[in-house]
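*Asks:* Below is the structure, and that's it, no one-letter string:
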């Protein structure tokens, strides 16, 4: 049996170990990215809520100004004034719906990206484990073949 056969087996083991480590690192990196994306989801939700609050404040300011003008002219309770106020409320509702819907779309998109990142991390780890297994199996097979040939030739 030659020193080279043991050396080959050692190299196969070292290579397999390195491949497994690469898979673990790939998964750790994916989990880090997934954490960042989850943080982004939370921020997107907060941004949508902030945009909704800003829009509501704009509405309140506009309503105060409108009421002041309507009061100055003495037609606060007129039918046209009430119709205008109702139309403004509808617009506010539509704007808030659009803001919240866009916020949810952004959040779901980021959640989907997060799932993909995690799945890719696990896939990389699995591929690395398969590669490590294949490398080790090939090293063992080569060692066994060398050992078998050495035994047939009467040893070295």
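*Replies:* Cool, the structure landed. Here the structure is a predicted model, which means the values were calculated and not measured.
*Asks:* so where is this structure shaky, pLDDT-wise?
*Replies:* Low-confidence segments of the chain, defined by pLDDT under 70, span residues 1, 76, 155-156.
*Asks:* Which single helix of it contains the most residues?
*Replies:* Under DSSP state H, the helix in the chain containing the largest number of residues is helix 79-152.
*Asks:* which other helices and strands contact that helix?
*Replies:* The elements that helix 79-152 packs onto, with contact taken as 3 or more Cβ pairs under 8 Å, 6 or more residues apart in numbering; DSSP states H and E, are helix 3-73. C-beta: built from backbone N, CA, C; applies to glycine.
*Asks:* between the helix it packs on and helix 79-152, how big is the angle?
*Replies:* Put simply, helix 3-73 runs at 180 degrees to helix 79-152, going by axes from the mean of the first three to the mean of the last three Cα atoms, to 10 degrees.
*Asks:* quick one: helix 3-73 to chain centroid distance?
*Replies:* Put simply, helix 3-73 sits 6 Å off its chain's centre (Cα atoms, centre = their mean, to the nearest Å).
*Asks:* what does stretch 143-153 give?
*Replies:* When distances are taken as Cα atoms, centre = their mean, stretch 143-153 is centred 51 Å away from the chain's centroid.
*Asks:* buried set for it?
*Replies:* Buried residues in stretch 143-153, counting neighbours by 16 or more other Cβ atoms under 10 Å, are found at 143, 146-147.
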